[in-house]
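1. Provided below for reference: sequence and predicted model.
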Amino acid sequence: MTKALLMLDYQVALCEEGPHLKAPPLQAQVAERDVLATAERVLGAAREAGVLVVHVRLAFDPSYKLRTNRLPRFDPYEVNRVMLADSPEAQIVKALAPVDGEPVVDKGCVDPFIGTPLRDLLAAEGVTEVVLGGVATNLVVESAARHASDSGLQVTVVEDMCASFAPELHDFAMEKVMPLFGAVTTSAALTFA
């Protein structure tokens with residue numbers, strides 16, 4: 001079985017305090033759960049094991065025409081001109097930044113497979129299992145787990161690499177939803193062997 005690590009939405013706007021923060025409750029949970037340090041350790045282990053690492057981020061083109069989610073709740077991105085692909089807030093946090101050879105997939109909705117080449121990329125690389133970590137748990141991580149499992153991939157979600165806007169949202173997703181679509185594990189129990 002060939003694994004890939006999907007690093008989902010570890011972006012400045014969602015994970016770092018500072019002038020570009022757009023989701024303070026999510027950032028607070030990321031900090032409280034020490035998600036970035038955990039993700040950095042798992043990312044290092046994946047790289048050391050030679051596992052394909054794919055970074056996914058919410059990022060828009062200047063026209064916002066590639067935005068696949070057209071619901072009103074996504075309108076503020078365009079109205080306020082935020083999360084443009086080259087903007088500071090859309091960048092992946094420095095500690096988890098891609099290195100040469102690691103693809104970055106830009107998405108225009110919650111689900112990283114919709115409107116992106118992600119599934120084709122994984123198929124071309126012979127990937128049969130995805131390991132997921134990201135923010136927010138009940139949004140991108142859950143969407144990725146559902147889509148990946150429905151696409152025939154084995155799914156492993158690393159619980160302590162994830163956070164949501166409130167602990168109860170994270171806990172419900174991990175305890176009730178994720179087990180329907182794959183295995184839930186911790187960074188300590190995860191192996192890339």
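-> Arrived safely.

2. where in this structure is pLDDT low?
-> By pLDDT under 70, the low-scoring segments of the chain are 1.

3. return the residues in contact with the residue nearest to Gly18 when sequence neighbours are not counted.
-> Closest residue to Gly18 apart from its sequence neighbours, by Cβ to Cβ, 6 or more residues apart in numbering: Val12 at 7.5 Å. All C-beta spots, glycine's among them, are computed from the backbone N, C-alpha and C. Val12 is in contact with 18, 20-21, 88-93, counting by Cβ atoms under 8 Å, 6 or more residues apart in numbering.

4. hmm, which of these are the buried ones?
-> Buried subset of the contacts of Val12 (neighbour count, 16 or more other Cβ atoms under 10 Å): 20, 89-93.

5. tell me the one of those residues nearest Leu122?
-> Leu122 has its nearest neighbour among the buried ones among the contacts of Val12 in Ile92, at 19.0 Å by Cβ to Cβ.

6. hmm, Val56 and the closest one touching each other?
-> No. Using Cβ atoms under 8 Å, Ile92 makes no contact with Val56, being 9.3 Å away.

7. which neighbours do these two share?
-> What both Ile92 and Val56 touch, as defined by Cβ under 8 Å, 6+ apart, is the set 7, 104.
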